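A.B. asks: after the sequence you'll find the predicted model.
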Amino acid sequence: MILVFGGTTEGRKAVEVLEEGGSPYYYSTKTGEQDLTLHHGQRIDGALDTDAMLTFCREHNIRLMVDAAHPFASQLHQTIAEVSDALKIPAIRYERIFPERDASLEWFDSYEQVPRDIKSLLATTGVQSISKLKPLEAKGVKVYYRILNRESSIALAQKQGARMEQLCYFEDPKDVPVEADAILLKESGLSGGFQEKVDAAKAKGMRILVLKRPEAPAVFKIINGPYGLRRAVEKLLPEFYPLHSGLTTGTCATAAAIAATIRLLKNETPEEVPVLLPDGETIHVAVGYGEGYAYCIKDAGDDPDVTNGLEIRASVKPSVTFEILGGEGVGTFTLPGFDYPPGSPAINKAPCEMIRQNLAAVTNDLLSITISVPEGEAIAKRTFNPRLGIEGGISIIGVSGIVKPFSEEAFIDSIRKCMNVAKASGTNRVVINSGGKSERFVKALYPDLPQQAFVEYGNYIGETLKIAHELNIKEVTLGVMLGKAVKLAAGHLDTHSRKTTMDKAFLSEMLEEAGIPIDISDLTLARELWEKIPEQQIQDFASTIIRHCERYCKPLLLNGTLTILLISDEGQIYGTGQQQ
C-alpha cells in the first residue's frame, strides 16, 4: 500500500499518476480542505506526528511513502524521513521544478536573516510565517501579510497578532492591493507561481527577498514530475501497476548523448544520467559505455514495441557547428511530410530538441553527435517505416519521452505521422483502414493511389478523421469491417473492446430499420451476421449501418468528402446504395 502526503499541486498530480494503476492507496492532508476526487484512493485528514505515522504505516501495511507536500513543510519532511528509516519503507519526494536562482534577487536561509533596513514589506510566505516576522514590526517595519481568504486562515493570522488592515488577499501577483518597498517570497517553484511573482514585483520596482527552500532529507528518492513518479513506483512497488511504462527511442538517444559528452569532456562514466524531458521534468536513465561511444538499452516497459532491448548508441566529437547525425541502423527520410526534408536522418524534431537542450546544460562546446542502432536496419522491417518511406533503419522518435504501455498517445501520434506523409505524397484521397486485411481489400478499388495514401487507424476512427480535418485532406475513404462498424454506427468513435462492446439491442433496431427482422439472441460475434442475413438483403443492411456511421463521422470532416465502405470477411465491399 502507498501513503501519499499531499494538499498541493504536486499532490494532485500524484493522485493522477496513482489512479492509473487502479490499485488502492491513501492520500493524507493536514486540513482536508483540498478539493479532490479519488476513485482508488482513500483520504485521511489531520496532521500526523512521528508516533501516529508509525502506527498508521504498521496497521495499514504501508510499503511506500510519497511526500508531495509543500517544499517548506520541513517538519513533515523530517517526520516522513524518520518513519522511512525506522520501518525501512522507501520514500519518494515529489519535488517541484525550480528555476535557476536569479542572482539579482536577495536570497536568505531563514526568517531571521531578512534585513531590517526596509520601511514596508509585503510577505507572501503564508499565514504560518506571521509570528516569525513579528520581530520586523518591532523594528518599525510596516508589514502586510498575504494569506488565503478563508475563515480558518484569518483566525490563525489574528491569533498570531496580525491586524485586519495588515491582511490582504489576491490570486494574481499583478493585482497586489498594497504598496510596499519590498516583497518576501518563498522559493516555491514553477507550480507555486514563483516566477510570476518575481516578474510582477520587478515591474513594480520592489526589492525582492527570497527564502531558500529547505533541502530534502537524504533518505528520499527525488523526482519532479509525473513520469518520474510512475517509474519510481514501478521500480519500488512493481505490483502497483499491472503494466509498466518505458522510454522512447528519443529519450534513449538523449541519455546516450549525455553520457558520451560527459565522458568526452570530463572523463567520467556515470551509471545514470539526468535527462530533461519535454514537459520540464528530469528523470534518471541508466547508460553504459563501449569503445568510442555510450549507449542506452531501449526499455519499452510492457508496450509491445519491437525496438525493446535495442542498444541505442551515441558517439560525440568536437565540431565547428552543432549537428546531430544518423549512423548505422538509423533510417533516412526519403519522402516529404516529416519534421525534416528527404535525405535527413530519421531523428524527429522532439528528440533533436531534447538532445540539444540536454547537452546545452552540460557544455557550451559545439559538438557533432552521431546516433546509431546496430540492429536497427533489421528491426525496421518489422515497423511502419518502409511504408512511410524511411529506409535503412529505425526512426528516433518520441514526443513526451516516456512510453505508457499500450499508449493511445503513441498510436495516435503514429497515425498523425502517416497522415502527414499521405498528404505530402500529393494524393487527392486518403484511405483509412483498421488494418492490413481491410486495406488489402480496399486497395483494389484505388489502384492508382500511392502506398502512402493508405493509413491504418486501428481503433481510433474519430481521432484519425480529426487529423484529416486538421490537415485539410479533402477526400477520405473509410474502410471498416463489420465488428467495428456496428460499434461505430452506435456512436463509438474508439472501437477498442475495452471501451465498448457490441450493442445487440441497437443492432436489432438497425436490422428492423433495414427490413430484416431476424433473431440475433444467439449472436456472439458481429461477423456471424453475414451468414444470418439473406444475401439479397445484405446491401440494405450495409446501407443502414453506413448511414448511422456517417451520422457520427461526417461532422468530423466538415471541409472534406467522406466515403464509407463496409467490408465483409471475404472481401466483398458495400457502399451506400450500391454494391462495389
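C.D. replies: Yep, that arrived.
A.B. asks: what's stretch 137-151 in contact with?
C.D. replies: 33, 116, 118-124, 126-127, 130, 133, 136, 153-154, 157, 162, 166-170, 178, 180 (Cβ atoms under 8 Å, 6 or more residues apart in numbering). All C-beta spots, glycine's among them, are computed from the backbone N, C-alpha and C.
A.B. asks: list the buried residues of it.
C.D. replies: Buried residues in stretch 137-151, counting neighbours by 16 or more other Cβ atoms under 10 Å, are found at Val141, Val143, Tyr144, Tyr145, Arg146, Ile147.
A.B. asks: okay if I get those residues as TSV plus secondary structure?
C.D. replies: TSV is the format used below for the buried residues of stretch 137-151 (DSSP: H, G, I helix; E, B strand; the rest coil):
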residue	secondary structure
Val141	coil
Val143	strand
Tyr144	strand
Tyr145	strand
Arg146	strand
Ile147	coil
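A.B. asks: for Pro99, state which of those is nearest.
C.D. replies: Arg146 (20.9 Å; Cβ to Cβ).
A.B. asks: who does the closest one bridge with?
C.D. replies: Cys168 (DSSP bridges).
A.B. asks: narrow the contacts of stretch 137-151 to those in helices?
C.D. replies: Among the contacts of stretch 137-151, DSSP state H puts Ile130, Leu133, Leu136, Ser153, Ile154, Ala157 in helices.
A.B. asks: can you lay out the buried residues of stretch 137-151 as CSV showing pLDDT and distance to Lys221?
C.D. replies: As requested, those are exported to CSV (pLDDT from 0 to 100; distance: Cβ to Cβ, whole Å):
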residue, pLDDT, distance to Lys221
Val141, 89, 41
Val143, 90, 39
Tyr144, 90, 39
Tyr145, 90, 35
Arg146, 89, 33
Ile147, 87, 33
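A.B. asks: using a markdown table, lay out those together with distance to Gly41.
C.D. replies: Shown next, in a markdown table, are the buried residues of stretch 137-151 (distance: Cβ to Cβ, whole Å):
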| residue | distance to Gly41 |
| --- | --- |
| Val141 | 44 |
| Val143 | 39 |
| Tyr144 | 38 |
| Tyr145 | 34 |
| Arg146 | 31 |
| Ile147 | 29 |
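A.B. asks: Gln78 should be in a strand, yeah?
C.D. replies: No. Assessed with three-state DSSP, Gln78 is helix; it does not lie in a strand.
A.B. asks: neighbours of it, just the number please.
C.D. replies: Gln78 sits with 15 neighbouring residues when counted by other Cβ atoms under 10 Å.
A.B. asks: again, but for Gly329
C.D. replies: By other Cβ under 10 Å, neighbour count at Gly329 equals 22.
A.B. asks: let me know the closest of the ones in helices among the contacts of stretch 137-151 to Ile62.
C.D. replies: Nearest to Ile62 out of the ones in helices among the contacts of stretch 137-151 is Ser153 (Cβ to Cβ; 30.7 Å).
A.B. asks: poorly predicted segments of the chain, please.
C.D. replies: For the chain, the stretches with pLDDT under 70 are 304, 406-407, 496-499, 576-580.
A.B. asks: now do the same contact list for the closest residue to Leu556 other than its chain neighbours.
C.D. replies: In space, and not counting its chain neighbours, Leu556 is closest to Leu465: 4.0 Å by Cβ to Cβ, 6 or more residues apart in numbering. By Cβ under 8 Å, 6+ apart, Leu465 lies in contact with Ile432, Val476, Leu478, Leu493, Cys553, Leu556, Leu557, Leu562.
A.B. asks: at 10 Å instead, please
C.D. replies: By Cβ atoms under 10 Å, 6 or more residues apart in numbering, Leu465 lies in contact with 432, 457, 473, 476, 478, 493, 552-557, 560, 562.
A.B. asks: put the alpha carbons of the helix or strand encompassing it into CSV.
C.D. replies: For Leu465, the element it lies in under DSSP states H and E is helix 461-470. What follows is helix 461-470, C-alpha atoms only, in CSV (Å, rounded to 0.1, in the frame of the first residue of the first chain):
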residue,chain,number,x,y,z
ILE,A,461,-11.5,6.2,-36.2
GLY,A,462,-12.6,9.5,-34.6
GLU,A,463,-9.0,10.7,-33.9
THR,A,464,-8.0,9.8,-37.5
LEU,A,465,-10.8,11.8,-39.0
LYS,A,466,-10.0,14.8,-36.8
ILE,A,467,-6.4,14.6,-38.0
ALA,A,468,-7.7,14.5,-41.6
HIS,A,469,-9.7,17.7,-40.9
GLU,A,470,-6.7,19.4,-39.3
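A.B. asks: which strands and helices sit next to the helix or strand that comes right after it?
C.D. replies: Toward the C-terminal end, the helix or strand that comes next after helix 461-470 (DSSP H and E) is strand 475-481. With contacts taken as 3 or more Cβ pairs under 10 Å, 6 or more residues apart in numbering; DSSP states H and E, strand 475-481 sits against strand 429-433, helix 436-443, strand 454-456, helix 461-470, helix 482-489, helix 538-553, strand 561-567.
A.B. asks: apply 7 Å and report the result again.
C.D. replies: On a contact count with 3 or more Cβ pairs under 7 Å, 6 or more residues apart in numbering; DSSP states H and E, strand 475-481 meets strand 429-433, helix 436-443, strand 561-567.
A.B. asks: for Thr125, grab phi and psi.
C.D. replies: Here is the backbone geometry of Thr125 (degrees, to the nearest 10): phi -90, psi 10.
A.B. asks: one step back: ok, the residue nearest to Leu556 to Ala490 distance?
C.D. replies: Distance of Leu465 to Ala490, given as Cβ to Cβ, to the nearest Å: 16 Å.
A.B. asks: beta-bridge partners for Gly326, please?
C.D. replies: Ile371.
A.B. asks: how about the contacts made by it?
C.D. replies: Residues counted as contacts of Gly326 (Cβ atoms under 7 Å, 6 or more residues apart in numbering) are Thr332, Pro345, Ala346, Ile347, Ile371.
A.B. asks: tabulate these (CSV), appending neighbour count.
C.D. replies: Shown next, in CSV, are the contacts of Gly326 (neighbours: other Cβ atoms under 10 Å):
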residue, neighbour count
Thr332, 16
Pro345, 22
Ala346, 27
Ile347, 25
Ile371, 31
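A.B. asks: so which of those belong to helices?
C.D. replies: Using DSSP H, none of the contacts of Gly326 sit in helices.
A.B. asks: okay, and which of those residues map to strands?
C.D. replies: Thr332, Ile371 (DSSP state E).
A.B. asks: Gly246 against Thr307, yeah?
C.D. replies: No. Taking contacts as Cβ atoms under 7 Å, Gly246 lies outside contact range of Thr307: 9.5 Å.
A.B. asks: look up how far Ala257 lies from Ala203.
C.D. replies: 39 Å.
A.B. asks: more crowded one of the two?
C.D. replies: In this view Ala203 and Ala257 are compared by other Cβ under 10 Å, and Ala257 has more residues nearby, 32 against 10.
A.B. asks: doesn't that one belong to a helix?
C.D. replies: Yes. Using three-state DSSP, the assignment for Ala257 is a helix.
A.B. asks: so who does it touch?
C.D. replies: Counting by Cβ under 7 Å, 6+ apart, Ala257 makes contact with Ala314, Val316, Ile355, Leu359, Ile369.
A.B. asks: and what about the third one, helix, strand or coil?
C.D. replies: Read it as Ile355. Ile355 - assigned by three-state DSSP - is helix.
A.B. asks: show me what contacts it?
C.D. replies: Neighbour list for Ile355: Ala253, Thr254, Ala257, Ile324, Ile369 [criterion: Cβ under 7 Å, 6+ apart].
A.B. asks: which helix or which strand is home to the residue lying closest to Val455 once chain neighbours are set aside?
C.D. replies: Distances taken as Cβ to Cβ, 6+ apart place Cys418 nearest to Val455, at 4.4 Å, with adjacent residues excluded. In the assignment (DSSP H and E), Cys418 maps to helix 408-424.
A.B. asks: so what does that helix touch, helix or strand wise?
C.D. replies: Partner elements for helix 408-424 (3+ Cβ pairs under 7 Å, 6+ apart): helix 385-388, strand 454-456, helix 461-470.
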